[in-house]
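Trainee: Got a sequence here, can you model it:
(chains A and B)
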Amino acid sequence: MMGTKSLLSHTFRIAWKDMVELYRNKFGLVLLIVMPLFMMGMIGFIYPSSASSGNNLPVGVVNLDTGYHNSTVASQTFVSTLQQINDKTSMFKLTTVTSVSALRSSIQAGDLEGGIIIPNNFTSSLLSGEQGSVTIMTDTSNPQVSATIETLLSAVFNEMSTAMAQQKVMELSPTVSAGGALAVVQPLKVETEGIIPGSSNYFEFVAPGIMAMTVMMSVMTGLPGAISQEKEVGTMDGMMVAPINRLSIILGKTLAQTARGLLQGVILMALAIVLFGVTIQGNIILVFGLLLLGVFSFVGLGIVLTSITSDQQTATMLMTTLMFPMMFLSGVFFPIQQMPWYMQDISKLLPLTYATDALRKVVVLGAGISDISTELTILVAFGIVMTAIAVPVFRRAMTR
Amino acid sequence: MSKATLVPTSIVHDGEAMINVNHLTKKFGDFAAVDDISFDVKKGEVFGLLGPNGAGKSTTLRILSTLARPTQGTATIGGYDIVQQDNEVRKLVGIVSEKMIMYDRLTAKENLWFFGSLFDIPADTLNQRIDELLELVQLMKWKNSLVGTFSTGMRQRMNVIRALLNMPQVLFLDEPTLGLDPQSSVEIREFVKKLNRERGATIIVTTHTMVDADILCDRIGIIDHGKVVALDTSANLKRLVSGGNGTVLKLDVPNLTPALVESVRAVGSVSSVSQEDSTHLKVIASGDDAFDNVVDAVRTSGGRIASMENVQPTLEDVFLHLTGHEVRDSADRKIPMERRRGFMGGGGRIR
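Mentor: Just a heads-up that it's a prediction; the model follows:
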């Protein structure tokens, strides 16, 4: 009991000391804030959430319309309008595809960048006065192109459906001026379906991953500074010679690094929301909890690696070496499902994979705790195992 | 320093061994930095470990202060084993490391507060103690200044008082005057003596400077290549130089010639002659008529003695006598590898 109390008190003191040092290092503090700005800015502008330009993108059209009383007038009109508009802008190269599965494989093969699927009830829905729906299929892993297709198709549909609605209104009541009608119900609804379910644009796909990655990177790069540097300068001796539990040094360092990482995480999240229109569907506290848990799962590994290296330079190099595969294998930038199976197996060993996945589910899909219980369990287990390894390794390394 | 808080509680009685070192060995790979050393330090004693850089002094202190684990052998401090009961040992000891243990981005007070709080000292006691310690080393004025702005002397004083926050009964000082100007060195030495005198602290100080060892230490252990080669009081060590009745003579002979040096060397009672510069000779001789014999030898060779003094042997002479090589004067000058290899019989130290 007494032990726990002083363990926590020493942990807090060490963390506080680290944070005061960080705060006094003004240049470092500026970099700490600038880093997420760069990160999110870069990704946000390279992979925009809405695109405005495009040229001759190959897009497939699948017409599944079975018609209404042997008439497929609606879908025919639709396709011709689409072609008319496209002729003016020449943004797409439209191709007719026979089935959804053919379209899917063409997209996956890279022959087409996206597709428009007209469902079998298209004409019947429209002619019976219901809203017709059209599905856009895009390759979410090719973000820039897919965003362009989405935006442009949406614009085309928007125009078409307004025209159709006006026509309907005219038919119903010729005296009403269709152009000025307030209550024009658009008969077409655009639904977007990506190959990878769950995200409508690439930025929303990467943003949660970037958040998880940055927080963990921050901890990974911060730890060599926090531990190796103290070892080199000699200040670690000042802590080691005090009658404190060695665990409190580890926990204190972790706490300070977590606070640092979390600060960056918050900046990232704010930027994603304010600048790039990402909406957090799930609980924001759960988002923070996940970031924290991600750090916890990582920190033990960081301490082990820092302990076994002789100096700060080596530690930093080791961290950087490991960080890159982690970034690319954890599904931050590319969906894991796209990777070859052996790479998928490796990615299953990385805590960042689970943190990214869980965070994405919460941010994009609005998942709750119960939906991500598997990821949570794995992260907690990873953290406990790594910390259990880290404490004796650290103790040994410091009393060499 | 007369405050009640500064009186250490003791579990070892006066005159008993506070520190017991028993066949302590520390190896880094094949190299034995500390090679089977054993010694006792009595409570309230100031004990010096004298030796060149790399002799194993710092490693010994690191092991005793629980910062490193011995490869073999044991040691106890205040009756506690340094490995098995390391946390008990930590409560008893303070170490002034060769490296400055302080954070540049914290103020003097914040630094002391941080390290002090790790010892679970009650807040008001700690506050009072920080003030007393800062006052003691005249740093009170800079209490709230960042340590990064301090001069080397100020930093070293900070480094010393940091080790005193827990009122240690045993204080380890690793090269406390290294890199300090003479004035600061004197201050640190005075301070160490004061600590020992007023608080009865047992102190082990490592040094490569003879002055430190001579002035400070009750007993001196001469350490070379990880082994203690001699251990005694300064006076007794000096007696080792030439069998107890040795005389060290310094002669100023203006018309000094090599032939004259040889004639002095040829005198039976003379054990060593070294020419210090173009006119000065240092002669170590023994026997009751050593004085007369040396003077006669110079006179008969046509030498003119401008002045002559009978000097005490220094610890430098002792070290030379015992190990066959000199302790470097300046720690900034690392002993060249090649040279050290020669002394070690081919096996150089790889750091």
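
Trainee: CA atoms for contacts and neighbours, from now on please.
Mentor: Fine.

Trainee: Show the contacting residues for the residue positioned nearest the centre of chain A.
Mentor: The centroid of chain A falls nearest to A:Val206 when counting by C-alpha atoms, centre = their mean (2.9 Å). Counting by C-alpha atoms under 8 Å, 6 or more residues apart in numbering or on different chains, A:Val206 touches A:332-333.

Trainee: I'd like the average pLDDT over the one helix or strand it maps to.
Mentor: In the assignment (DSSP states H and E), A:Val206 maps to helix A:202-223. Helix A:202-223 comes out with an average pLDDT of 79.

Trainee: Please tell me how far the residue nearest to the centre of chain A sits from chain B.
Mentor: A:Val206 sits at a distance of 37 Å from chain B (criterion: C-alpha to the nearest C-alpha, to the nearest Å).

Trainee: And the pLDDT at residue 277?
Mentor: Just going to use chain A. 72.

Trainee: my bad, chain B
Mentor: For B:Asp277, the predicted pLDDT is 79.

Trainee: Spell out which parts of the stretch 151-300 of chain A neighbour chain B.
Mentor: By the rule C-alpha under 8 Å from any C-alpha of the partner chain, the part of the stretch 151-300 of chain A lying against chain B is A:233-244.

Trainee: Where does the stretch 101-250 of chain A get nearest to chain B, which residue?
Mentor: A:Thr235 (4.4 Å; C-alpha to the nearest C-alpha).

Trainee: Enumerate every residue touching that residue.
Mentor: With C-alpha under 8 Å, 6+ apart, A:Thr235 has these contacts: B:100-103.

Trainee: got the end-to-end distance for stretch B:240-252?
Mentor: Stretch B:240-252 stretches 26 Å from its first residue to its last (C-alpha to C-alpha, to the nearest Å).

Trainee: just checking, B:Met18 is part of a strand?
Mentor: Yes: under DSSP: H, G, I helix; E, B strand; the rest coil, B:Met18 sits within a strand.

Trainee: So the closest residue to A:Gly222 other than its chain neighbours, which state does it fall into?
Mentor: Leaving aside its chain neighbours, A:Gly222 sits nearest to A:Gln257 (6.4 Å; criterion: C-alpha to C-alpha, 6 or more residues apart in numbering or on different chains). Following three-state DSSP, we place A:Gln257 in the helix state.

Trainee: secondary structure element for residue 310?
Mentor: You didn't say which chain, so I picked chain A. Residue-wise, A:Ser310 maps onto no helix or strand under DSSP H and E.

Trainee: hmm, I had chain B in mind actually
Mentor: Assessed by DSSP H and E, B:Asn310 sits inside strand B:307-311.

Trainee: Go through whichever helix or strand comes after that strand and flag the buried ones.
Mentor: Next along the chain after strand B:307-311, taking DSSP H and E as the criterion, comes helix B:315-323. For helix B:315-323, the neighbour count (16 or more other C-alpha atoms under 10 Å in any protein chain shown) marks B:315-319, B:322-323 as buried.

Trainee: The residue nearest to A:Gly222: neighbouring residues, count only.
Mentor: 27 (other C-alpha atoms under 10 Å in any protein chain shown).

Trainee: How are the helices of the stretch 301-400 of chain A distributed by residue range?
Mentor: Counting by DSSP state H, counting those that start in this stretch, the segments of the stretch 301-400 of chain A that form helices are A:312-329, A:341-347, A:351-365, A:373-398.

Trainee: Equivalent analysis for the stretch 101-250 of chain B, please.
Mentor: Using DSSP H, counting those that start in this stretch, the helices of the stretch 101-250 of chain B run over B:108-117, B:123-136, B:152-162, B:182-199, B:210-216, B:234-239.

Trainee: Let's have those in TSV, adding mean neighbour count and mean pLDDT.
Mentor: Shown next, in TSV, are those (neighbours: other C-alpha atoms under 10 Å in any protein chain shown; pLDDT from 0 to 100):
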stretch	mean neighbour count	mean pLDDT
helix B:108-117	23	94
helix B:123-136	16	92
helix B:152-162	22	88
helix B:182-199	16	84
helix B:210-216	18	81
helix B:234-239	19	81
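
Trainee: okay, the ones you listed in a markdown table with distance to chain A next?
Mentor: Shown next, in a markdown table, are the helices of the stretch 101-250 of chain B (distance: least, C-alpha to the nearest C-alpha, whole Å):
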| stretch | distance to chain A |
| --- | --- |
| helix B:108-117 | 7 |
| helix B:123-136 | 13 |
| helix B:152-162 | 9 |
| helix B:182-199 | 20 |
| helix B:210-216 | 24 |
| helix B:234-239 | 31 |
